[in-house]
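Student: please find the sequence and the predicted model below.
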Amino acid sequence: MKLLKMMMVVLFVTAFTQVAQAQETPNAIDKYFKQYVDDNNFTVVYISPKMFQMLDKLKLDGMKDADANAVLDIAKDLRGLRILTTEVNPKNYFKEAKAKINTKEYEVLMTVRDHDGDNVEFLVKEEGGSDSGIISELLLLTGGDDEFVLISFVGRISLDKIAKLAHSIEKDDDDDKIRKQ
């Protein structure tokens, strides 16, 4: 019996350690972002999960209560926003990002390539597959002659919540048009 209890404790501790290590292991985007965070050639923006939590406590001026609540309902589930841009060798950084970030983990929302060699890729990663309706990350990569941009929005982004917000804003616009007539 003691041996069984000891085995259970060892299994539990091992499993807990593995989960904790998995959560601390940075993904490719984290590694790429951290690689250039102190490089003066880059403009860096990072918004922490705490900032999004603070939004939940703020009132947004100029928005109707339903709209503000919808925005706050979306924002409280966000865990971070990272933006990395540079005008130095932008095409090289775009190629490097594509090589280092496993974009096969994402579904392509939009790709634009023009005759000048400018590239834009807008990618999404969903929790539990593409039918879950919950986005875990939105990723934008751009690279061309002028600028390289990486934007990563991480969190639990509900497509249903976004649709409700869009519908609410659209309804408000329609109401405003009616009032002006």
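Tutor: Here it is on my side, so go on. Numbers count the residues shown, from 1 in each chain.
Student: where does this protein have low pLDDT?
Tutor: Applying pLDDT under 70 to the chain picks out residues 1-28, 56-71, 129-132, 165-166, 168-181.
Student: go again using 80 as the cut-off
Tutor: The chain contains residues with pLDDT under 80 at 1-29, 52-78, 127-133, 157-181.
Student: any chance you could map the helices in it?
Tutor: 2-24, 28-36, 49-55, 65-75, 90-100, 159-180 (DSSP state H).
Student: count of neighbours near F52?
Tutor: Per other Cβ atoms under 10 Å, the neighbour tally for F52 reads 19. Every C-beta, even on glycine, is put in place using the N, C-alpha and C of the backbone.
Student: quick check, it in contact with R79.
Tutor: Yes: judged on Cβ atoms under 8 Å, F52 makes contact with R79 at a distance of 7.1 Å.
Student: who touches both of these two?
Tutor: G155 (Cβ atoms under 8 Å, 6 or more residues apart in numbering).
Student: angles on the backbone of Y106, please.
Tutor: Note on Y106: backbone dihedrals following degrees, to the nearest 10 are phi -110, psi 160.
Student: which residues does it contact?
Tutor: L123, V124, K125, E137, L139.
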